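Asker: Take this sequence and fold it.
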Amino acid sequence: MKAASRDQASDMFRASYLLDQPDLCVNSRARRVICTACEKACPVRAIKPGIGVIELNEADCTTCGACVPVCPSAALRLSVFDPASFLEAAAQMDELHVHCSESRDGGGGIVIPCHLVIDARLAAVATKGGQRDLILHGRPLCQECSRADAKNHASAISQVLKRWFGDGCRVMRWSRPGEEAQSKGSQHLDQVQANRRNFLRLAGARAVSNISWLVPAAAGNLIEEAGIFVPGEFKRRVDPYQQTLAENGNALTWKENALLPFMARRISDACTQCGICAERCPTGALGHAHGPGWKGIDYEVLACTNCGLCTAICPEGAISANAVTNWEMATELRHVLARCELGRCERCGQPFRATEEAICPACSNEVDVDTAWMAMLGG
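Answerer: Below is the predicted model of the structure:
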């Protein structure tokens, strides 16, 4: 990320700055746009995913964070909000009162940038599977907020919680007039923390600001374009929202036959073991598996965010998704979905998928080329 001016250098460190990592985006890995979740979630349409870049209109972005929980590859995050820290603070409270940064009612609880950063997964853990209410505090007229309109957010998540834990579960709701937390103290999760890393970053921003008059300002926004990454160099990051639910889901009482926020995967016999799905999976749910004389693709249900990348890029269309309807299915250990036996090439000695051929495809291509050359030379 580059700052082209003094104002941009300052903006980089404003309280709820949206951070991105385009190389984790599923569109960059698919090399075509297959996911527009962030664009659809943005109340002002200030963000647009592309191939190798996530375009952000700095002037329109309100840093509400609505795009963060819907990103299936953890390519987006807010500099001030961490789901694990939110749950840690929530666990210390008897009654869970959550304020947005625009709340002015003076009650205690947790303060976050905007209620849109809480999704159903986070609410499920925070409410202990519907055992207590998650009470939201905000402006009297949320639709007039400068960040976003979250007035329908609570009801939408409450419906999801009821599907997961039953109609009798407690929900995420707006506070009633005069309803406040027992403790007046507030824990702010909407501000940059003064740790060593942020201090050094702020010092760097000031340095950039001081010398910016020496450097010609570059056109464009703060999002720096990134190139397409070749196989073998794809990074992985566990989605923090999915991780919190995976780590705490065993303590929750799930409704029988509920459609959980996890998906199982199957790989058919059409799989050629090219490994492209394992190489590009952003969360590491799919991976390479090896054993004596074989190789394969393995899978972990709890790590999968159902981004759809694997099904979109599989050249054979061999990967399919299946719903998970109970917690036991979700907690299935990492297991091999597909495997093949390996032979050893009689020409180069390298292992390859065993077939009736005695040499690997690479050597077979070389033989074909040599044969064609000899034919051209009259040999």
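Asker: In contact with the closest residue to residue 249 other than its chain neighbours, which residues are there?
Answerer: If the residues on either side of it in the chain are set aside, residue 249 comes closest to residue 327, at 6.1 Å by CB to CB, 6 or more residues apart in numbering. Every C-beta, even on glycine, is put in place using the N, C-alpha and C of the backbone. Each residue near residue 327 by CB atoms under 8 Å, 6 or more residues apart in numbering is listed here: 249-250, 252, 254, 260.
Asker: any chance of the residues you listed in a markdown table, with distance to residue 172 and pLDDT too?
Answerer: Shown next, in a markdown table, are these (distance: CB to CB, whole Å; pLDDT from 0 to 100):
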| residue | distance to residue 172 | pLDDT |
| --- | --- | --- |
| 249 | 18 | 94 |
| 250 | 22 | 94 |
| 252 | 15 | 95 |
| 254 | 17 | 95 |
| 260 | 18 | 92 |
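Asker: What's the ChimeraX line that selects buried ones from those residues?
Answerer: Only the buried entries of those go into this ChimeraX selection, using 16 or more other CB atoms under 10 Å:
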select :249,252,254,260
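Asker: Mind putting the contacts of residue 327 into TSV with distance to residue 332 and secondary structure?
Answerer: Shown next, in TSV, are these (distance: CB to CB, whole Å; DSSP: H, G, I helix; E, B strand; the rest coil):
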residue	distance to residue 332	secondary structure
249	13	helix
250	13	helix
252	17	coil
254	15	coil
260	12	coil
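Asker: which one of the contacts of residue 327 is nearest residue 43?
Answerer: residue 260 (27.9 Å; CB to CB).
Asker: My guess is residue 48 contacts residue 40. True?
Answerer: No. Under the criterion of CB atoms under 8 Å, residue 48 makes no contact with residue 40, lying 10.7 Å away.
Asker: Those two: who's more crowded?
Answerer: For residue 48 and residue 40, the more surrounded residue by other CB atoms under 10 Å is residue 48, and the numbers stand at 15 against 12.
Asker: List the beta-bridge partners for the more buried one.
Answerer: Beta-bridge pairing for residue 48 (DSSP bridges): residue 55.
Asker: hang on, the earlier thing: can you pick out the most distant pair from the contacts of residue 327?
Answerer: 250 and 260, at 12.4 Å, using CB to CB across the contacts of residue 327.
Asker: Put together TSV for the contacts of residue 327, with distance to residue 370 on each row.
Answerer: Formatted as TSV, these follow (distance: CB to CB, whole Å):
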residue	distance to residue 370
249	57
250	59
252	63
254	61
260	55
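Asker: for the contacts of residue 327, which one is nearest residue 92?
Answerer: residue 252 (18.8 Å).
Asker: quick one: that closest one and residue 327, what's the gap?
Answerer: Residue 252 is 8 Å from residue 327, where distance means CB to CB, to the nearest Å.
Asker: And for residue 318?
Answerer: On the measure of CB to CB, residue 318 and residue 327 end up 28 Å apart.
Asker: pLDDT below threshold where in the stretch 51-200 of the chain?
Answerer: Along the stretch 51-200 of the chain, segments meeting pLDDT under 70 span 182-185, 191-200.
Asker: Could you pull out the strands in it for me?
Answerer: For the stretch 51-200 of the chain, applying DSSP state E, counting those that start in this stretch gives strands covering 54-56, 76-78, 96-100, 109-112, 134-137, 172-174, 186-188.
Asker: Same check on the stretch 251-379 of the chain?
Answerer: Along the stretch 251-379 of the chain, counting by DSSP E, counting those that start in this stretch, strands occupy 263-267, 286-291, 294-299, 319-323, 335-344, 351-353.
Asker: which strands and helices sit next to the first one?
Answerer: With contacts defined as 3 or more CB pairs under 8 Å, 6 or more residues apart in numbering; DSSP states H and E, strand 263-267 has these neighbours: strand 319-323, strand 335-344.
Asker: quick one: contacts of it?
Answerer: Outside strand 263-267, the residues that reach it (CB under 8 Å, 6+ apart) are 285-286, 297, 299, 301, 304, 306, 310, 318-324, 329, 332, 337-338.
Asker: Repeat that for the longest one.
Answerer: Residues external to strand 335-344 that are found in contact with it (CB under 8 Å, 6+ apart): 265-267, 271, 273, 286, 289, 291, 293-299, 318, 350-355, 358.
Asker: For ChimeraX, what selects the buried ones among those residues?
Answerer: Selection of buried members from the contacts of strand 335-344 for ChimeraX, criterion 16+ other CB under 10 Å:
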select :265,267,271,273,286,289,294,295,296,297,298,299,318,352,353
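Asker: so which of the strands of the stretch 51-200 of the chain comes closest to residue 345?
Answerer: Of all the strands of the stretch 51-200 of the chain, strand 54-56 sits nearest to residue 345, with 42.4 Å by CB to CB.
Asker: same for that closest one, what does it pack against?
Answerer: For strand 54-56, the packing partners by 3+ CB pairs under 8 Å, 6+ apart are strand 18-20, strand 47-49.
Asker: returning to that earlier point: worst average pLDDT in the helices and strands packed on strand 263-267?
Answerer: Of all the helices and strands packed on strand 263-267, the minimum mean pLDDT falls on strand 335-344 (a mean of 90).
Asker: Return the distance of it from the chain's centre.
Answerer: On the basis of CA atoms, centre = their mean, to the nearest Å, strand 335-344 sits 29 Å off its chain's mean C-alpha point.
Asker: Paired strands for that strand, with orientation please.
Answerer: Applying DSSP bridges, strand 335-344 is found paired with strand 294-299 (antiparallel), strand 351-353 (antiparallel).
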